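Trainee: pasted the sequence and its predicted model underneath.
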Amino acid sequence: MTDWATVASLATAVATLVLAGATFSAVRSSNRSARIAEQALLAGQRPLVLPSRLDDPPVKVGWVDGHDVKLQGGQAHAVVEDGNVYLAMSIRNSGSGVAVLQGWLPRLEELPQAIVAFPQVDQFRRQTRDIYVGAGDVGFWQGALREEDETKVFIKRMVERRQRFSVDLLYSDLEGGQRAMTRVSWMPGGDQVRWLGTTSRHANVDHNDPREPPEIPPGLDLPET
């Protein structure tokens, strides 16, 4: 004799199991879609700071104490005046999001090397003014060394000798996320005044290193073949 109560219980259990599997699959698919959408959104807000091109328009840079300079495309500025060291560079944001310059740190190396590790975020000097560079737009970075310390003595010597030196820049997107660092260098130009800007290395603070393969987030892993 058929035990209909047992059959009903088994049918209910099977239906529950099937429903649970379908729910798990739907949730996993939803999470995967959400992560893909999040990555696409972040990519659309990611800045990338580079020196400007030689054919980019000029930018005017001024300091609070009255020092100012007009930089042509691709140019940098380094001068010792009244005991202060003034630094600036014409830059271009080649990323797809607004770049917000957060801090800077001069490299105390006679021969700047790209392989030298970047500093920790809390080691950077904070910018004293807000500098925003729009996506695909040209702007500038500026800084000044006024206090008599090791950094000022070193950079002053490099400027006066017209030798190459580097500064690490820290910047983020418009919301303060996706922080990145770029090492920019001052290269002596063809005369005794002009400097050219260049870059040697980039690093991410909040994402994977650009030289390493990206980590695949959970739920985005591909099936084995």
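Mentor: Here it is on my side, so go on.

Trainee: list the buried residues in the helix or strand hosting Glu160.
Mentor: Take DSSP states H and E as the rule and Glu160 turns out to sit in helix 150-161. By neighbour count on 16 or more other CB atoms under 10 Å, the buried set for helix 150-161 is Thr151, Lys152, Phe154, Ile155, Lys156, Met158, Val159. C-betas here are computed from N, CA, C, even on glycine.

Trainee: touching, Asp206 and Arg179? I think so.
Mentor: Yes. Between Asp206 and Arg179 there is a contact at 5.2 Å, judged by CB atoms under 8 Å.

Trainee: tell me which of the two has more neighbours.
Mentor: Arg179 (19 against 13; other CB atoms under 10 Å).

Trainee: could you pull up the residues touching the nearest residue to that one once chain neighbours are set aside?
Mentor: With sequence-adjacent residues excluded and distances taken as CB to CB, 6 or more residues apart in numbering, Arg179 is closest to Val205, at 3.8 Å. Val205 makes contacts with Val121, Leu170, Arg179, Ala180, Met181, as judged by CB atoms under 8 Å, 6 or more residues apart in numbering.

Trainee: the protein: strands as residue ranges?
Mentor: 49-51, 59-62, 68-71, 75-81, 84-93, 99-106, 125-133, 138-145, 165-172, 180-188, 195-204 (DSSP state E).

Trainee: need these in TSV with mean neighbour count, can you?
Mentor: Listed next are these as TSV, based on neighbours: other CB atoms under 10 Å:
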stretch	mean neighbour count
strand 49-51	21
strand 59-62	15
strand 68-71	16
strand 75-81	19
strand 84-93	24
strand 99-106	22
strand 125-133	14
strand 138-145	20
strand 165-172	23
strand 180-188	21
strand 195-204	18
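
Trainee: dump those strands to TSV, plus distance to Ala117 and mean pLDDT.
Mentor: Converted to TSV, these look like this (distance: least, CB to CB, whole Å; pLDDT from 0 to 100):
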stretch	distance to Ala117	mean pLDDT
strand 49-51	19	96
strand 59-62	29	97
strand 68-71	29	97
strand 75-81	23	97
strand 84-93	22	98
strand 99-106	12	97
strand 125-133	18	94
strand 138-145	21	98
strand 165-172	10	97
strand 180-188	10	95
strand 195-204	9	93
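
Trainee: can you list these in JSON lines and add distance to Val116?
Mentor: Formatted as JSON lines, those follow (distance: least, CB to CB, whole Å):
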{"stretch": "strand 49-51", "distance to Val116": "19"}
{"stretch": "strand 59-62", "distance to Val116": "27"}
{"stretch": "strand 68-71", "distance to Val116": "27"}
{"stretch": "strand 75-81", "distance to Val116": "20"}
{"stretch": "strand 84-93", "distance to Val116": "19"}
{"stretch": "strand 99-106", "distance to Val116": "12"}
{"stretch": "strand 125-133", "distance to Val116": "18"}
{"stretch": "strand 138-145", "distance to Val116": "20"}
{"stretch": "strand 165-172", "distance to Val116": "9"}
{"stretch": "strand 180-188", "distance to Val116": "8"}
{"stretch": "strand 195-204", "distance to Val116": "8"}
